[in-house]
Structures are given as C-alpha cells and as structure tokens.
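>>> sequence and predicted structure below; questions after.
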Amino acid sequence: MITNVTDEQIAQMSKTIFRFCQSRTGSYHDAEDLAQEILLVACKTTNQFPNEKAFYAFVWKTADLVLKSWYREQAKRKSEELDENLADERYALLEEKAADKEQLRLIVRELARLSSNYRRVTVEYYIDGRSVGEIAKHLSLTESMVKYLLFQSRKHIKEGIVMEKEYGRLSYDPVELTLFFWGGRNVYHEIFDGNKLRQNIVMACYYDKLTEEQLSLQLGVPTAYLEDELRKLEEYDLVKKKGIAYQSNIVILTKKELSAIRKFNEKDLKEISDGIKAFTGENLTDLRAMGFYGSEMPDNSLKWMLVSMILRLSYVDMLQGDIEFEYPIDCFGNECFRFLTEREKNNPYFVGISGYETKKGFLFFWDVPVNGEMVHPKVGRVQADMLSSLLDHQPETDNEKLLCSELLEQGLAKKENGKILPNFPCLNADQTTKFNEGIQGISQSICENAKSRIDGVAKVMMEHAPEHLADYARRLPALFSLYETEVIMQNLCESGWLLPCRDGMSATTILMKNK
C-alpha cells in the first residue's frame, strides 16, 4: 500500500464507494456492508503501489470483484442452479435493474419536491395518462400554461437527479415550540398544539424566505404534505407569501435567544431567588400560624404556596398592571400578543397559570410540571365555582355529584370524614388580606427589579428577531418576564431549598375568599 494516502482521502473515497454501491444495489444496508468489505480489502492489502493512481485502480478493481460476487449471491437466491456461462449476463441484468431502481427513486424524490401546480400537471400527464387538453380543462389552465409547466417540471427533475442533495437539520432534529398567548380569545392554540409540522415550518422560514421546494428539503417532507399546512398558516397570518416564497410572521424565541436573555438576567434572578429564601425563612412560622384551611401542610408545601403567590403578585398583578401594553391587532381584529418559544423538551419548570373570580373570591392556579400534571387546563368556570363552594356546600344534585367525581379524579378535591373537600389551601377574607399585606413588600421589590431590565431584554429580543418582526419583539419583554419565574423556581429547586410537591394538597392551587 502507498504511504502518502491521507486519512481525509480515504474518508472521501469511502463516501464515493458507498454511493457507488448504493447506486448498484438500490439498498442502503447492502451498500454499507459492501463498502466496508471493499475498504477492508484495500486497507489490508500488502501490495505496494508506485502512486495514488495505481492504488485507486486496485480499489475500484476490488469493488468490481466484490459487487460481482454480490450479484452472483443474489442470482443464486432465485435459481438453485447457476450456469457459469450466464454469470456475466445475470450480472449485467441485475446491475441494470439496480440502476433503473435508483433512477426511479431519484425521479420520485424530485417529483415530491415540485410545487403544487407543477406536480399536479406532471402526475396527470405521466401517471394518469391525460392529454394536455384534458389537464387544461381539469385544472382550469390554458393549454400553453400546461405545456410550460410540463417543460419546467421535466427540466427541474432532470437537473435535480444529477445533484447530490442533503436534507436540512429540521428533517432529523425537529424543534418543539410552545405557544404563548395573551389577550382575548385564543384561536392559535389549535394551530400549533401537537402539530410538529406547522411548528417546524415557521421555524424553517423564520430568518429566510423559502419556497415550497426549499421547505421540502429543509424539513424532509414532500411538498404535497406542505400545501394544506401552509394555507392554514397563511389564513391565520402566521406566515406570509411573498412571490413564490414564504416567511414566518410570528416571533419565535429560539434557544439561542433564550440563553442570551437568561445570561442578561442571571445576576438579578440569583439575587431574587436568595431574597425569596430569606423572606420565607423569616415568615414561614407566621404563615402557618394564620390557621387557614391547609395550613397544616408540610414546610415544603407551604414554601411552594408562598413562592407561587409572591411570583404571581410580582410578575402578573404588579408588573403587568404597571405596564401599558401596545397590543398588536391580529388578522381577526383582536388585540393580543402571540409568540412561540423553543423550549427544552419536558421542561420541569414551565409555568401554567390561570385564575377565576368565583362567587366566594378568587381561585388561582400556578401549575409546574415538577410537581406533577398540570390541572388548570381542565378547569372551567363551573368547576371553579364548585371548588370554591365545597367548604360551605356539599354536592346535592346529580350534576354536582358528577362534577365532584371529576374533581376527585383530577386531585383537586378529596374525601374526608364523609365529605368532599378542596385539596388545596383556602383562605378566608381576613386571612387573604393579611397574607397579601405580608407579601406586598417583597413582591414590589421584585417587580421594580424586573421593570428596570425591560429595556435591556427588549434590545436582546430585537437583535435576534428578523427585521420585519423587530418592532413586535420590542413590545414583548413585560409579558415574557413571566419566563423569569421559571428560572427563579429552577434556582430554588436545584439549590435543594424547594423539593417536588406531589403528595398531599396541591400547594400552588389557592382559593382566596373576599367575603
């Protein structure tokens, strides 16, 4: 073997041999095995070669012999007896079939990437066997347009099959996006919830305008499966079509951007976390002494109760109450904010919040996955009214009993001494007033800290957003500040000060009565 063949040359040669074997066999796995066998023979040889050209000639001769052997094995599987005189003929036949199979695969690949009009015309002409006139009538096109589309399709397919194309990263490593909505009626939840294809479409064309064919290559999905999804995203103004290309029309906070925001906030959020620890240490005994329903919970549960209410008061009631939002108007005429975040999969500190004003007071939900399944999406107005009345009123009608059975199953209610009772802390009007007064100071301090960083966070968001969405991104920081609560809870949990709260009462679901 020659000594001046570099590792890089061998690596490149291995790729070439693999593609050669794949084109001859039509099988990825067979090609992989054959390529390894060829390279093993080439690398183990003791022959000396005067130059690279002689070495490569030996490699390709080895490849030819290995493939001939493989074709013979394939032929044996179809015939018990193999006439030696027919070996070369069978070899040629199998090689021809393999080449035809590879050619067909490439044609189908390029056909799948054609945009809708080109693909429909090509399929109807070559597969359905319709004439140009029939296609024109069926698709409401002129015959000259049909001919043009057929010409361009043939040209596109012919050029495409001789090019080596690689799928984009999103085809094998798709992102997972979470919708954040703030405003009136949320019509966007159904668009993105559980629909990974739509999530990755808007991600693919977030920074760059992409055609259907380019999106197909980025996502590894035939254009036929993209058309309806693109139309739906266009209908909700989540992508805009400019000429033949698409670009996202919704802000996406990527992992890179979230990391930059987190770094910007890191020092302040560490100080806030330490402040909450100190405040809780000084006031936990007084909190328990208030004697509210649920005050006998373990210390860890009381900590979660206190943390959730401090963060809610700081970031939801105070911060968002102090800021005058510049609400965008969506395509349906609604004032609302909507954006997507690229979160870590199964983020244990993701916050889900909601609240209901009931006949008795306010019922607050602060759900965090680290404490178990989120319950607030399952609770509506009727369930909230029922929960807030259980301390004073037991279910009597069949509907009330059915409702309570659901609440028991969800863990929001419990059976105790023959009664159905709330499975979360409940404060009467006096206790509510005392509790809110007690956390007012620390909450105000956290709110002021968050407000002081809004302009800095806005700058980070604008720098990471595409130019056409930069102004939209500028208005988001006050809303996005709620993300800081996740970092604070992560700090408190990872320090060991807070532990998961999965047994007993739901400490972060709280009823505060006002009468």
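Thanks, I have the structure now.
>>> C-alpha only now, for contacts and for neighbours.
Noted.
>>> ranking helices and strands of the chain by mean pLDDT, which lands last?
helix 87-112 (a mean of 56; mean pLDDT, DSSP states H and E).
>>> now for the longest helix along the chain, which elements pack on it?
Longest helix in the chain by number of residues (criterion: DSSP state H): helix 255-289. Packed against helix 255-289 by the contact rule (3 or more CA pairs under 8 Å, 6 or more residues apart in numbering; DSSP states H and E) you find helix 299-312, helix 429-452, helix 454-464, helix 482-494.
>>> any low-confidence regions in this protein?
1-12, 26, 43-53, 75-113, 115, 159-167, 345 (pLDDT under 70).
>>> and the residue sitting nearest the centre point of it, how far from residue 270?
Averaging the C-alpha coordinates of the chain gives a centre point, and the residue nearest to it by CA atoms, centre = their mean is residue 176 (0.9 Å). Remark: distance between residue 176 and residue 270 (CA to CA, to the nearest Å) = 28 Å.
>>> contacts for whichever strand or helix holds residue 137 next, please.
If you go by DSSP states H and E, residue 137 is part of helix 132-139. Helix 132-139 is contacted from outside by 121, 124-125, 141-143, 146-147, using CA atoms under 8 Å, 6 or more residues apart in numbering.
>>> swap the cut-off to 6 Å and go again
142-143 (CA atoms under 6 Å, 6 or more residues apart in numbering).
>>> surely residue 175 is in a strand?
No: using DSSP: H, G, I helix; E, B strand; the rest coil, the secondary structure at residue 175 is coil, not a strand.
>>> and it, how many neighbours?
Residues lying near residue 175 (other CA atoms under 10 Å) number 21.
>>> mind listing the strands for this structure?
177-183, 210-211, 239-242, 245-248, 252-253, 336-342, 352-357, 361-367, 413-416, 419-422, 426-427, 509-513 (DSSP state E).
>>> partner strands of the second one, parallel or antiparallel?
When sheet partners are counted by DSSP bridges, strand 210-211 sits next to strand 245-248 (antiparallel).
>>> from the middle of its chain, how far away would the strand it pairs with be?
Here the centre of strand 245-248 is set off from its chain's centre by 19 Å, with CA atoms, centre = their mean, to the nearest Å.
>>> repeat for stretch 306-315
So, by CA atoms, centre = their mean, the centroid of stretch 306-315 is 28 Å from its chain's centroid.
>>> and if you look at stretch 282-297?
That offset, for stretch 282-297, works out to 41 Å (CA atoms, centre = their mean).
>>> that stretch: end-to-end distance?
Start-to-end, stretch 282-297 (CA to CA) is 18 Å.
>>> and stretch 498-506, by the same measure?
Stretch 498-506: ends 15 Å apart by CA to CA.
>>> contacting residues around that stretch?
Residues from elsewhere that reach stretch 498-506, judged by CA under 6 Å, 6+ apart: 370-371, 423-424, 492-493.
>>> now, of the residues you listed, which are buried?
Among the contacts of stretch 498-506, those classed as buried by 16 or more other CA atoms under 10 Å are 370-371, 423-424, 492.
>>> can I get these in TSV with distance to residue 405?
Below are the buried ones among the contacts of stretch 498-506 laid out as TSV (distance: CA to CA, whole Å):
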residue	distance to residue 405
370	25
371	22
423	13
424	16
492	35
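>>> pick out the most distant pair among those residues.
423 and 492 (24.4 Å; CA to CA).
>>> based on its surroundings, how many neighbours for residue 443?
Residue 443: 23 neighbours (other CA under 10 Å).
>>> measure the closest residue to it other than its chain neighbours to residue 450 for me?
Spatially, and ignoring its direct neighbours in sequence, residue 443 is nearest to residue 314 (4.6 Å; CA to CA, 6 or more residues apart in numbering). Distance of residue 314 to residue 450, given as CA to CA: 9 Å.
>>> just residue 238 next, same as before
Where residue 450 is concerned, residue 238 sits at a distance of 30 Å (CA to CA).
>>> and if you look at residue 458?
Applying CA to CA to residue 458 and residue 450 gives a distance of 12 Å.
>>> quick one, which of these two is more surrounded?
Taking residue 458 and residue 450 together and counting by other CA under 10 Å, residue 450 has the greater number of neighbours (23 against 20).
>>> count the residues that sit near the closest residue to that one other than its chain neighbours.
The shortest distance from residue 450 to any non-neighbouring residue, by CA to CA, 6+ apart, is to residue 481 (7.3 Å). Residue 481 has 20 neighbouring residues, counting by other CA under 10 Å.
>>> I'd like the numbering to begin with 25 instead of 1 from here.
OK, 25 is where the count begins now, so the last one is residue 505.
>>> mind listing the helices for the stretch 25-174 of the chain?
In the stretch 25-174 of the chain, helices defined by DSSP state H, counting those that start in this stretch lie at 31-49, 52-68, 76-102, 111-136, 140-146, 156-163, 167-185, listed in chain order.
>>> the last one: how far from the chain's middle?
The reference is to helix 167-185. Worked out by CA atoms, centre = their mean, helix 167-185 lies 36 Å from the chain centre.
>>> ok, and for that helix, which residues are buried?
For helix 167-185, burial by neighbour count (16+ other CA under 10 Å) applies to 167, 170-171, 173-174, 177-178, 180-181, 184-185.
>>> hmm, back to that, turn the contacts of stretch 522-530 into CSV, including distance to residue 407.
Shown next, in CSV, are these (distance: CA to CA, whole Å):
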residue, distance to residue 407
394, 24
395, 21
447, 13
448, 14
516, 32
517, 31
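>>> pull the most distant pair out of those residues.
447 and 516 (24.4 Å).
>>> residue 509: neighbour count?
For residue 509, using other CA under 10 Å, the count is 23.
>>> for it, which non-adjacent residue is spatially closest?
Counting by CA to CA, 6+ apart, the residue nearest residue 509 is residue 335, at 6.6 Å.
>>> relative to residue 475, how far out is that neighbour?
Distance from residue 335 to residue 475, by CA to CA: 14 Å.
>>> the more surrounded of those two?
Remark: of residue 335 and residue 475, residue 335 carries more neighbours, 25 against 18, as counted by other CA under 10 Å.
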